[in-house]
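**Student:** 3D model of this:
(one chain, ligands or ions: 1)
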Amino acid sequence: MSVQLSSLWVPNSPPIPQHFVPNRGRFSASALSSQSPTIQIIGVGGPSWRENGYGNPNNNNLFDGCQGESDHWSELDTDLYHWTKALRPVQWFPGHIAKAEKELKEQLKLMDVVIEVRDGRIPMSTSHPQMDLWLGNRKRILVLNREDMISTADRNAWADYFTRNGTKVVFSNGQLGMGTMKLGRLAKELAADVNVKRRSKGLLPRAVRAGIVGYPNVGKSSLINRLLKRRMCPAAPRPGVTRELRWVRFGKDLELLDSPGILPMRISDQSAAIKLAICDDIGERSYDVADVAAILVQMLSKLPTVGRDALCKRYKIDVDCRDGRIFIEKLAVRVFNGDVHQAAFRVLADFRKGKFGWTALERPPK
Ligand SMILES: Nc1nc2c(ncn2[C@@H]2O[C@H](COP(=O)(O)OP(=O)(O)OP(=O)(O)O)[C@@H](O)[C@H]2O)c(=O)[nH]1
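**Tutor:** So this is what the prediction gives:
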């Protein structure tokens, strides 16, 4: 998919949904002149950046003194809405997802508890719009995985939000296994009444069945493997690796269902779709890497947790926070012999590796 960004200038705010406030959003492409053959990547990412609760210790763009942090986040939502509106929609619904969705619905009746896994960087965008309908009043645990990829402030904001809403939430790290034991324990506790009922009917107790569901690449299989301390389920750093539903046993009293990542057939919220692309939670063939990287640059430069300075310092290129495409094109000329795809991919990969500091891309609504 390719979109000519030069035609996407949004001069004035068009009519917008009620929850958005008017704002600006502009794309344009420009010819580039200067060329530099050497790559110079500056700056480090890593967990230590999280200490102050923000992604980047060198960030001078945190607050301007007039706006609160939550204003920055809601302004970003508004901008993102305008930016993505101009792009061709991102959609991904391969055959295996359609099949998995059908099979999951059939397996639901076997589940005593459902563990819904979301990407901690984008908990809203990895929330399936039909999940509530499917689950009804089934017992449920919400997992925000990739805890290591967000800041302490992000984590606290989401923990507060879900606690206020009465939702049980577990933060986890599917790569290292943090949170998995708690998850297993919680699943057994929540479904304990299954065996109370069985005993009252004179039946022998059975293992509790927990279904693990969620969007692609959020870390479902990794969580199971970590809990089991064995590589029972296929896991890899790309969406759509798990293709089949599979029950696995953990000890004598817990069974877990690993399932392929599912997405809605049509993603109506394109801001969410772009965030899925940025976080690698949707098939790469569904989007244009340069478009997505351009939006990422615009987002990062406006994010209270990152800011323009982080981008300028890392790539030694000035950022116009309304025009990420120019940034990508400049990077392409400077480092990748004019190859925009490679430049775009570098920026996306850097974000995914935490090179701008670990940060969520969304915060809870006010
Ligand atoms: N940094 C980090 N990486 C993680 C975490 N959890 C999983 N990963 C990595 O993310 C990638 C995807 O994990 P999977 O377990 O395959 O994700 P999945 O949800 O089963 O993916 P699908 O097969 O698409 O449904 C793997 O490379 C994991 O090592 C986490 O908490 N932190």
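**Student:** going forward, measure contacts between C-alpha atoms and count neighbours the same way
**Tutor:** OK.
**Student:** Up against the ligand, what does the stretch 201-350 of the chain have?
**Tutor:** Residues of the stretch 201-350 of the chain that fall close to the ligand, judged by C-alpha under 6 Å from any ligand atom: 216-222, 235-242, 260-261.
**Student:** Mind giving me the ChimeraX select for these, buried ones only?
**Tutor:** Buried residues among those (16 or more other C-alpha atoms under 10 Å), as a ChimeraX selection:
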select :216,217,218,219,220,221,222,235,239,240,241,242,260,261
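**Student:** mind listing what the residue found closest to T242 once you drop the neighbours it is linked to in the chain touches?
**Tutor:** Nearest residue to T242 in three dimensions, chain neighbours excluded: P260, at 4.7 Å (C-alpha to C-alpha, 6 or more residues apart in numbering). Contact partners of P260, counting by C-alpha atoms under 8 Å, 6 or more residues apart in numbering, are H96, I97, A100, V213, P216, G240, V241, T242, R243, E244, L245.
**Student:** does the fifth one sit in a helix, a strand or a coil?
**Tutor:** Meaning P216. Three-state assignment for P216 (DSSP: H, G, I helix; E, B strand; the rest coil): coil.
**Student:** Contacts only, for it.
**Tutor:** P239, G240, P260, G261, I262, L263, D281, I282.
**Student:** got it, and the third one?
**Tutor:** The neighbours of A100, taking C-alpha under 8 Å, 6+ apart as the test, are R243, E244, L245, S259, P260, I262.
**Student:** any chance of these in JSON lines, plus pLDDT and secondary structure?
**Tutor:** Output for those, formatted as JSON lines (pLDDT from 0 to 100; DSSP: H, G, I helix; E, B strand; the rest coil):
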{"residue": "R243", "pLDDT": "92", "secondary structure": "coil"}
{"residue": "E244", "pLDDT": "93", "secondary structure": "coil"}
{"residue": "L245", "pLDDT": "96", "secondary structure": "coil"}
{"residue": "S259", "pLDDT": "96", "secondary structure": "coil"}
{"residue": "P260", "pLDDT": "97", "secondary structure": "coil"}
{"residue": "I262", "pLDDT": "97", "secondary structure": "coil"}
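**Student:** Need those residues in TSV (columns: distance to G354).
**Tutor:** TSV is the format used below for the contacts of A100 (distance: C-alpha to C-alpha, whole Å):
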residue	distance to G354
R243	28
E244	31
L245	31
S259	27
P260	26
I262	25
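**Student:** Closest one to the ligand out of the residues you listed, please.
**Tutor:** P260 (4.3 Å; C-alpha to the nearest ligand atom).
**Student:** how much space between that closest one and L104?
**Tutor:** 9 Å (C-alpha to C-alpha, to the nearest Å).
**Student:** Overlap in contacts, the two.
**Tutor:** Residues touching both P260 and L104 (C-alpha under 8 Å, 6+ apart) are L245.
**Student:** My understanding was that W73 contacts R363; is that so?
**Tutor:** Yes - with contact defined as C-alpha atoms under 8 Å, W73 and R363 form a contacting pair (6.8 Å).
**Student:** what ranges do the helices span in the stretch 151-300 of the chain?
**Tutor:** Under the criterion DSSP state H, counting those that start in this stretch, the stretch 151-300 of the chain contains helices at 152-164, 180-190, 193-200, 220-228, 270-278, 289-302.
**Student:** What residue spans form the domains of the chain?
**Tutor:** Following the TED database, the chain resolves into domains at 94-258, 288-353.
**Student:** Give me the mean pLDDT for the helix with the most length in the chain.
**Tutor:** Counting residues, the longest helix in the chain under DSSP state H turns out to be helix 69-85. Throughout helix 69-85, pLDDT has a mean value of 89.
**Student:** List the buried residues of the helix or strand immediately after that helix in the chain.
**Tutor:** Sequence-wise, the next helix or strand downstream of helix 69-85 (DSSP states H and E) is helix 95-107. Buried positions in helix 95-107, judged by neighbour count with 16+ other C-alpha under 10 Å: H96, I97, A100, E101, L104.
**Student:** got the end-to-end distance for stretch 309-320?
**Tutor:** 11 Å.
**Student:** mean confidence for it?
**Tutor:** Rounded mean pLDDT across stretch 309-320 is 92.
**Student:** Could you do stretch 163-182 as well?
**Tutor:** pLDDT averaged over stretch 163-182 gives 95.
**Student:** From the opening residue of that stretch to its closing one, how far?
**Tutor:** Using C-alpha to C-alpha, the two ends of stretch 163-182 sit 17 Å apart.
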